[in-house]
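Q: What would the 3D arrangement of this be:
(chains A and B)
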Amino acid sequence: MSDQHAASHSNAEDESPRARRTTHDSAQRATRDGARRTTLDIALENILDEPSRGFSAWLRTSAGVVALLLALQLVTGLLLVFYYVPSSDSAYTTVAYVERVVPAGSWLRALHFYGSQLLPVALVLHLAQTLWRGAYARKPVGWLACVTLLALSLANGATGYSLPWDARAFFSTRVAESVAGGLPLVGANLRTWLVGGSEISTLTLSRFFALHALLVPFLLLAVACARLLLFREPGTTLREPDSGFGEPDAARAETDHAADAPTPRTRAAWARAQLARNAVVAGVLFLALALYAYKYPAPLGPAAEAAPPGYLPRPGAQFVWLFQLLKLFPKTFGSVVAFFLPALLLAALACLPLSRTRMTHASEKTRRRLGQAVLSFAVLLVAALTAVAYLQDSRDPRAREQLAKQAQKEAEFRAAPFTPKRTGDAATAGGADTAGLSSDSNAAATPKAVEPPEAFTRNCAKCHGPHAEGKSIYPSLVGVSAKPRRTVEDIVAILNDPRSYGLEPRMPSFAKKLSDEDKRAVAEWVASLK
Amino acid sequence: MEEKTKTTSTDATDARRVPSHLRRRIVFWIPAAVFASVAGTLVTAALKFLRPRAGEVGVSGGEAGNWFAVAKMGEVTGAEPLRREVFVEHRAGWSSTLRGHTVFVLPGEDKRVVSAVCPHEGCEVDWSGERREFLCPCHDSVFGADGARLSGPAQRGLDQLATRVNGDTLEMQYGDAQTSEPQTDAPANG
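A: Sure, this is the predicted structure:
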């Protein structure tokens, strides 16, 4: 609906709905003139930078890629939480269930997994693109937000890697804990706070889950919202011509070439075209990621407690470089390097646009060079270390063989049928005989070291529970040998004649029901219960 | 769509190739289509992902058809209802839980088995030997020795379970009606 159009019509027919339409249109015009702006207008003005065309415009679609990946991580993460349980007992089972049973579970988890590795890459690309165009100087808040998002996405990658509680999750937690513990001064405290005690336990998993699923995503969203809405970025609006902030760049030169400087109107047109470009690139990326995730499910190693000896844990692709870095340094120094190197690189990048106003044009150029140097160094370092790590694994025949074996095991695990985990108070429920369940399937989930003899399961478990833990009025037999007159011999005697030991009539005699061997097996097992 | 430029667009060269009204439409529809397909894919996956799985939610264990041994035939001769607990595996997704469910074998020739779950709000009734009635501890429903409703807020008698005799063992069938504890008035469908 064009203004001219509406105006001419409202002249023709004064009263009637048209009149209202006119007021509506003038309200719209007022909005455009800045009298009244919506949240969306503010967000748009904050993210819009100088228009550019051609390759530069397509390069700038890294913004759309970041937005897509962030949204994808939030959505897939939210869905995974519907099944996941952050406890060292159940986490692995729930992830295996999602991976092997739930429709689309493997795909969603793979999207989340690969998305977490692509997000830092997309953010680095976005930073590079912003830096090379000089946009970081025009949009300092955007730049700072992007660096923060990079830090947060790495933090979330690190905490998320622990959650499946498979062997590689366990070892990655170990390494994270150990790196934290190796830091000078704060190390020991940081480690206990992170782990939630003196050693890795189910509390560690709860903590990592809280960080991964609540705290860090909250911060991510807060940063994104602050970047879009909270801070006014100077220099570009849809309402007034460019005030000439920043410095001319390739894009700008192109615009100049296209006759006149961009007006608000051409900016708006460009913004729409740029949105379409972003959508095209994000759409292609989503399609590629979706197909890849469908073909290659996210890895899930053996359960943390069941890692076979010689298991080779490998970190997520975005941390392979840190993993390689840790091989190069002795313990404490390794911690310092692994922690401070990324921290310093990120801090250096974050500081780049600060105190812009006091800078002369010359030092502005130096600063951009500096930023480019820091970013290039970081990217080259990460790329080189990652490449070395992968090369080392592929050159080492033993590692190659072991990794191939692990992949084979994983494929078998994926193909095997899923057996649900016995949960709840299975032990006190007991009664395996009546339920017609083998006591073995029961025992798999309970941490009892020694399984009851078959005679116990068949004759005694009905009242005393499958592991002699007792049930309603029937007493627990655990620790009974600590009482007087309850040696193995005594228990055999009780089985033969409970009355003589003063037991209630509810306890029947097993004198004729059990063989002597069975009585002794039952008595020895009961006496062993502590 | 408040755009009214014709050829003054920044992308003047593109505008020359494609008529502006068409171009504007394309520029609008591309993001819309991408957003719709990504969102559509994810929503479809999410619905599949979250849908409760029929084969897993519910009861399993026991023999085929969920038949559970309740008592030996020799045991069910007395004049008192025989209280028994049947342990049933309840599967829900990745977890399975063994839960005990109390049933009573009623005295009499036909060896009927009733669930102890009160058909009112799902509390567990108990047999009172002196009153020779089943009493619900929650809302004072009372049932006779044959399981029929005598008084109280319950709308029907205790639910009867399907039984069969297998050799010298009395077996009962545990069905979906027993898994949902506060029961509806729908007949138990074993």
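
Q: quick one: least confident helix or strand in chain B?
A: Considering only helices and strands, the least confidently modelled element of chain B by mean pLDDT, DSSP states H and E is helix B:12-17, at a mean of 52.

Q: how about the residues of the stretch 251-400 of chain A near chain B?
A: Within the stretch 251-400 of chain A, the residues that sit near chain B (Cβ under 8 Å from any Cβ of the partner chain) are A:255, A:258-259, A:262-263, A:265-270, A:272-273, A:275-276, A:278-280, A:282-283, A:286, A:290. Yep, even glycine has a C-beta here, placed from its N, CA and C like the rest.

Q: again, only this time at 7 Å
A: Applying Cβ under 7 Å from any Cβ of the partner chain, one finds that the stretch 251-400 of chain A approaches chain B through A:255, A:258, A:262, A:265-266, A:268-270, A:272-273, A:275-276, A:279-280, A:282-283, A:286, A:290.

Q: ends of stretch A:155-173, how far apart?
A: Using Cα to Cα, to the nearest Å, the end-to-end distance of stretch A:155-173 comes out at 13 Å.

Q: is any part of it close to chain B?
A: No - figure legend: stretch A:155-173 not in contact with chain B (Cβ under 7 Å from any Cβ); closest approach 13.1 Å.

Q: Give me the contacts around that stretch.
A: Residues from elsewhere that reach stretch A:155-173, judged by Cβ atoms under 7 Å, 6 or more residues apart in numbering or on different chains: A:84, A:86, A:88, A:91-92, A:95, A:116, A:120, A:176, A:200, A:204-205, A:208-209, A:211-212, A:216, A:300-304, A:307, A:311, A:313-316, A:318-319.

Q: Restricted to helices, list those.
A: The helices in this structure, assigned by DSSP state H, contain A:91-92, A:95, A:116, A:120, A:176, A:204-205, A:208-209, A:216 from the contacts of stretch A:155-173.

Q: Just give me the neighbour total for the residue of the stretch 1-150 of chain A found nearest chain B.
A: In the stretch 1-150 of chain A, the residue found nearest to chain B is A:Y97; the distance is 3.6 Å by Cβ to the nearest Cβ. Counted by other Cβ atoms under 10 Å in any protein chain shown, the residues lying close to A:Y97 total 22.

Q: quick one: it is in a helix?
A: Yes - the secondary structure assignment for A:Y97 places it in a helix, going by DSSP: H, G, I helix; E, B strand; the rest coil.

Q: ok, now which ones touch it?
A: A:83, A:418, B:93-94.

Q: Then A:A290?
A: For A:A290, the residues meeting the contact criterion (Cβ under 7 Å, 6+ apart) are B:T41.

Q: which residues in chain B form helices?
A: B:12-17, B:20-50.

Q: If you average pLDDT over each of those helices, which is lowest?
A: Set side by side, the helices of chain B give their lowest mean pLDDT on helix B:12-17, at a mean of 52.

Q: And the buried ones among the residues of the stretch 251-400 of chain A next to chain B, selectable in PyMOL?
A: Remark: buried members of these, expressed as a PyMOL selection using 16 or more other Cβ atoms under 10 Å in any protein chain shown:
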select buried, chain A and resi 255+258+262+265+266+268+269+270+272+273+275+276+279+280+282+283+286+290
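
Q: returning to that earlier point: list only those of the contacts of A:Y97 flagged as buried.
A: Burial by neighbour count, judged by 16+ other Cβ under 10 Å, picks out A:83, A:418, B:93-94 from the contacts of A:Y97.

Q: Of those residues, which is the nearest to A:A350?
A: Minimum distance to A:A350 across those is 36.9 Å, recorded for A:Y83 (Cβ to Cβ).

Q: Backbone dihedrals for the closest one, please?
A: Reported as degrees, to the nearest 10, the phi and psi values for A:Y83 are phi -110, psi -30.

Q: Is it correct that it is in contact with A:V98?
A: Yes - at 5.0 Å, A:Y83 and A:V98 qualify as touching, with contact defined as Cβ atoms under 7 Å.

Q: May I have stretch A:199-212 exported as PDB, CA atoms only?
A: As requested, C-alpha coordinates have been extracted for stretch A:199-212 and formatted as PDB (Å, rounded to 0.1, in the frame of the first residue of the first chain):
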ATOM      1  CA  GLU A 199      35.100 -36.100  42.700                       C
ATOM      2  CA  ILE A 200      32.900 -36.500  39.700                       C
ATOM      3  CA  SER A 201      29.400 -37.700  40.600                       C
ATOM      4  CA  THR A 202      25.800 -37.400  39.700                       C
ATOM      5  CA  LEU A 203      26.000 -33.800  41.100                       C
ATOM      6  CA  THR A 204      28.600 -32.900  38.500                       C
ATOM      7  CA  LEU A 205      26.100 -34.000  35.800                       C
ATOM      8  CA  SER A 206      23.400 -31.900  37.500                       C
ATOM      9  CA  ARG A 207      25.600 -28.900  37.500                       C
ATOM     10  CA  PHE A 208      26.700 -29.300  33.900                       C
ATOM     11  CA  PHE A 209      23.100 -29.700  33.000                       C
ATOM     12  CA  ALA A 210      22.000 -26.600  34.800                       C
ATOM     13  CA  LEU A 211      24.800 -24.600  33.200                       C
ATOM     14  CA  HIS A 212      24.100 -26.100  29.700                       C
END
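
Q: any weak-confidence spans in the stretch 351-500 of chain A?
A: Applying pLDDT under 70 to the stretch 351-500 of chain A flags residues A:355-362, A:424-450, A:471-473.

Q: now the helices for it?
A: With DSSP state H, counting those that start in this stretch, the ranges of helices along the stretch 351-500 of chain A come out as A:361-395, A:397-415, A:426-429, A:432-435, A:439-443, A:454-459, A:461-464, A:488-496.
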